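[1] Pasted the sequence and its predicted model underneath.
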Amino acid sequence: MSPDADERLHVALLTFLESAERGAPVDREALLTDYPDLNLELRDFLDTYALVERVAAPVRELARDRRGLAVPISPGAQAGGGRPWGLPPPGDVSAGR
């Protein structure tokens, strides 16, 4: 994958994950249409994401039912300034050093 395609994939995935974290509906077909050159990679990711969400749903529901034991969907989001899983903003290479 070229550096440009790699960057576009990161942007597409970040856009998707930020929308999902906010609880906003994500139009899968629109995402695929917006990035036709990344169709294969995005389909693989979206299929895997959907599988993980289906598997995790009963666990999240159980956690919600057991008040006081609820686990945040994205640990560290608050500590990371609202970024998913406490990740640094795109382009912040200092975090990996």
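    On my side now, so go ahead.

[2] So for the helix ranked longest in the chain, mean pLDDT?
    For the chain, the longest helix by residue count, based on DSSP state H, is helix 39-65. For helix 39-65, mean pLDDT is 88.

[3] For it, name the packing helices and strands.
    Packing partners of helix 39-65 (3 or more CB pairs under 8 Å, 6 or more residues apart in numbering; DSSP states H and E): helix 3-22, helix 28-34. For glycine as for every other residue, the C-beta is placed from the backbone atoms N, C-alpha and C.

[4] I'd like to know which of those lies nearest to Ala50.
    Ala50 lies closest, by CB to CB, to one member of the helices and strands packed on helix 39-65: helix 28-34, at 8.7 Å.

[5] Counting neighbours, which bits of the longest helix of the chain end up buried?
    Residues of helix 39-65 classed as buried: 41-42, 45-46, 49, 63 (neighbour count, 16 or more other CB atoms under 10 Å).

[6] Take those and lay them out in CSV including distance to Ala12.
    Below are the buried residues of helix 39-65 laid out as CSV (distance: CB to CB, whole Å):
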residue, distance to Ala12
Glu41, 9
Leu42, 6
Phe45, 9
Leu46, 10
Tyr49, 12
Ala63, 29
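
[7] So which of these is the closest to Val11?
    The closest of the buried residues of helix 39-65, once distances to Val11 are taken by CB to CB, is Leu42, at 11.4 Å.

[8] Could you check how far the closest one is from Arg60?
    From Leu42 over to Arg60 the distance is 24 Å, taken as CB to CB, to the nearest Å.

[9] on that earlier part again, just name the closest of the buried residues of helix 39-65 to Leu31, please.
    Using CB to CB, Leu42 comes nearest to Leu31 of the buried residues of helix 39-65, at 6.3 Å.

[10] hang on, isn't that closest one packed against Tyr35?
    Yes. Contact criterion CB atoms under 8 Å: Leu42 and Tyr35 qualify, at 6.0 Å.
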